[in-house]
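Colleague: this one's sequence-less:
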DNA sequence: CTGAAAGCGCTTACAG
DNA sequence: CTGAAAGCGCTTACAG
């Protein structure tokens, strides 16, 4: 691969004249004929400064265009109303949307939000360096690593972990994936489907599928569960095999694990000339907005709503209804079924 | 509130009467049996510390999970070695990948990277509060606003603007979109295509298309340029009309503006029973990695490579070959054509 | 190679 | 009401 192709480079010799504010409280103190202690108090609205003195000081500060040095201030009182989000590499679209939502809501609540990309442990360290006092994490393999845990322990602020079981060390928000899949199955069952397939590998979701299947006494069939682990593309051959079966042989509805799996499935369907939803109903886990413009059909989905997740997190962090004690809170967020274009009554598939 | 109790047996409780204070260079100094001056030098890679001493100090720092206090460092006026990325809402996948690449390379170069989501002006303010001394921006309507410009002017650090014309106030990296589209046309022309369509709305790209068309004396035809502005979905009807024409009437190759447009086009192709690349060649602008798993075919693309963009930015910021004067640099990055599955010789389309 | 000391600009007890 | 002093954690001359 060729190196960076820079074919036109120029140097701008104009210097940016920085109007550096060298004005400190000491300068103001001298001009006002008071001590810089008094200046500090006056400017910070502390009590115990005569109004006359205070006004004089403020006037001078304005005149000199005084800008407080935040580094100095922060060195003394280490506070910041900012929230840090840990964003591991390759986290995909769902996290992208969740964090976008989170920031919109956090901004409204008066927080500034920063995101640390890359290695989560490094991210926590970055936030510590920058005085971010609240950190929000979405778990991945990387941030359950010993390194991350060690780093997390040295963090003095508040932490909120999404999608985690309750912990004595941080707030948690969990998602009931099992219940989500059960909702999906319920919906399909309500439409008369008895022969349903689940394609995926997440154990919580599979458990939900199994449980719902038993409760509703769904039909047991060879394609009931097609296990497609992350690094086994060949497992998708089984999906293709299923799609090639005759209408009476194959299931009438599918549930897929993720939107990635959904794309693979849609590809295979096209290859096998199976139309969705004309030949087969489909529900996908995870609701990612831009998918609509990428797929031919608007897919029925189930999963946690990013706005709900974000506001649940913010509620905890802003301490809404927070027990005064200051213990950590553990909230479970329910999923939502968004019925759209890809689920039809089983009667539509009658032979 | 119940704090996170760090209990590390190797820490002598003498230094930490509360058992949870933040570790400073003084703590490390005491453990290492040296002065904190030496610790500072050792940790900052300053010369004049015996290797043995340095290693010992570094080992202790790691063990204690030492995080330097940026406020203190910044007070004595030193760089914070962190770069802030401004990430406006709805910026889409390309920026997502560019920033991911940027952070990977920046981390290798020893910087910590933070991203500010949401309003760009607020982002700059956040970064100022947190001692970030370098800010990287991708232009949008929001960050050419007067508010942003005002905020930018009060920022004392270095700024790098992607996709901007040279400026006396910051570094810039521009992308030659015009040339990118010319590359695409050249490639198609080389395959014998004379009847090519451009679908999109970006004026630079259209200019590139027009220019290349004139240079190569391509055929002029009714579907040469289909202008599809952002808020005019009806403009896509013209694309559908084109696809419904007979093989001899319609163009043999298409170039689309963006991956969003690509998805729309692929949908329409399916509806109109036009196969790509069996019936029509296609080149899309912008190379976004995950597209591969979402489309049936692997699309030939043209556009700036995120790795190149990221490393060009980093080169500037790390001052590789930087003139000592401190002027701003302005670099133009070329695009790359990634020939993949969707461009065929025009002879394949012979009637 | 190592360390004592000054000091960055500010806040906050504490004493007048 | 006002101010002298201590100190936040760090870097950087400077002296040993």
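Modeller: Thanks, I have it. Note that this is a predicted model, so its numbers are computed, not measured. Numbering: from 1, shown residues only, chains lettered A, B, ... in the order given.

Colleague: how is chain A divided into domains?
Modeller: Per the record, chain A has its domains at A:25-76, A:82-176+A:308-333, A:177-304+A:336-349, by automatic domain parsing.

Colleague: out of the ones you listed, which gets nearest to DNA strand C?
Modeller: domain A:25-76 (3.2 Å; Cβ to the nearest atom of the strand). Glycine gets a C-beta too; all of them are placed from N, C-alpha and C.

Colleague: what is the end-to-end distance of that closest one?
Modeller: Start-to-end span of domain A:25-76 (Cα to Cα, to the nearest Å) is 15 Å.

Colleague: from the chain's centre, how far out does that domain sit?
Modeller: Put simply, domain A:25-76 sits 42 Å off its chain's centre (Cα atoms, centre = their mean, to the nearest Å).

Colleague: what does the average pLDDT come to for it?
Modeller: Mean per-residue pLDDT for domain A:25-76: 85.

Colleague: can you show me the strands along chain A?
Modeller: Taking DSSP state E, the strands of chain A run over residues A:6-12, A:82-87, A:112-117, A:134-137, A:158-162, A:171-175, A:196-200, A:225-227, A:253-256, A:281-285, A:300-303, A:330-333, A:336-338.

Colleague: what about residue A:107, neighbour count?
Modeller: 15 (other Cβ atoms under 10 Å in any protein chain shown).

Colleague: contact partners for it?
Modeller: A:113, B:118, B:119, B:122 (Cβ atoms under 8 Å, 6 or more residues apart in numbering or on different chains).

Colleague: now the buried members of the residues you listed.
Modeller: A:113, B:118, B:119, B:122 (16 or more other Cβ atoms under 10 Å in any protein chain shown).

Colleague: need the max-distance pair from the residues you listed.
Modeller: Distances among those were taken as Cβ to Cβ; the most separated pair is A:113 and B:119, at 10.7 Å.

Colleague: show me where chain A has its helices.
Modeller: A:25-32, A:36-43, A:51-64, A:70-76, A:92-108, A:120-129, A:146-154, A:177-190, A:203-215, A:236-244, A:259-271, A:291-294, A:306-318 (DSSP state H).

Colleague: who touches the last one?
Modeller: Applying Cβ under 8 Å, 6+ apart, the external contacts of helix A:306-318 come out as A:83, A:94, A:97-98, A:100-102, A:104-106, A:109, A:111, A:134, A:136, A:158, A:160, A:162, A:171, A:173, A:175, A:287, A:321-322, A:329, A:331, A:333, A:336.

Colleague: so residue A:36 is in contact with residue A:29, correct?
Modeller: Yes - if you go by Cβ atoms under 8 Å, residue A:36 and residue A:29 touch, sitting 4.0 Å apart.

Colleague: looking at these two, which one has more neighbours?
Modeller: residue A:29 (19 against 15).

Colleague: for residue B:245, find the nearest of the strands of chain A.
Modeller: Closest among those, using Cβ to Cβ: strand A:281-285, at 33.2 Å.

Colleague: which helices and strands sit right next to that closest one?
Modeller: Applying 3 or more Cβ pairs under 8 Å, 6 or more residues apart in numbering or on different chains; DSSP states H and E, one finds that strand A:281-285 makes contact with helix A:177-190, strand A:253-256, helix A:259-271, strand A:300-303.

Colleague: can we see that at 10 Å?
Modeller: On a contact count with 3 or more Cβ pairs under 10 Å, 6 or more residues apart in numbering or on different chains; DSSP states H and E, strand A:281-285 meets helix A:177-190, strand A:196-200, strand A:253-256, helix A:259-271, strand A:300-303, strand A:336-338.

Colleague: any idea of the angle the second one forms with helix A:203-215?
Modeller: What separates the directions of strand A:196-200 and helix A:203-215 is an angle of 170 degrees, with axes from the mean of the first three to the mean of the last three Cα atoms, to 10 degrees.

Colleague: need the helices and strands packed on strand A:281-285 in TSV (columns: distance to DNA strand C, mean neighbour count and mean pLDDT).
Modeller: Formatted as TSV, those follow (distance: least, Cβ to the nearest atom of the strand, whole Å; neighbours: other Cβ atoms under 10 Å in any protein chain shown; pLDDT from 0 to 100):
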stretch	distance to DNA strand C	mean neighbour count	mean pLDDT
helix A:177-190	45	22	96
strand A:196-200	53	25	97
strand A:253-256	55	28	97
helix A:259-271	49	20	90
strand A:300-303	45	25	94
strand A:336-338	45	16	92
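
Colleague: would you reformat these as TSV and include distance to DNA strand D?
Modeller: Formatted as TSV, the helices and strands packed on strand A:281-285 follow (distance: least, Cβ to the nearest atom of the strand, whole Å):
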stretch	distance to DNA strand D
helix A:177-190	42
strand A:196-200	47
strand A:253-256	50
helix A:259-271	43
strand A:300-303	43
strand A:336-338	46
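
Colleague: out of those, which gets nearest to residue B:267?
Modeller: Taking Cβ to Cβ, helix A:259-271 is the member of these nearest to residue B:267, at 11.8 Å.

Colleague: how far away from the center of its chain is the closest one?
Modeller: 25 Å.

Colleague: adding distance to DNA strand C, write the buried ones among the contacts of residue A:107 out as CSV.
Modeller: Listed next are the buried ones among the contacts of residue A:107 as CSV, based on distance: Cβ to the nearest atom of the strand, whole Å:
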residue, distance to DNA strand C
A:113, 24
B:118, 27
B:119, 26
B:122, 22
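
Colleague: how many other residues sit next to residue A:214?
Modeller: Count around residue A:214 with other Cβ under 10 Å applied: 10.

Colleague: meant to ask about residue A:131, not that
Modeller: 22.

Colleague: not counting residues beside it along the chain, what's closest to it?
Modeller: residue A:80 (4.5 Å; Cβ to Cβ, 6 or more residues apart in numbering or on different chains).

Colleague: who's in contact with the one you found?
Modeller: A:70, A:74, A:111-112, A:114, A:127, A:130-134, A:157, B:126, B:129-130 (Cβ atoms under 10 Å, 6 or more residues apart in numbering or on different chains).

Colleague: same question for residue A:263.
Modeller: With contact taken as Cβ under 10 Å, 6+ apart, residue A:263 is in contact with A:256, A:284, A:291, A:294, A:295, B:290, B:292, B:293, B:294, B:295, B:296.
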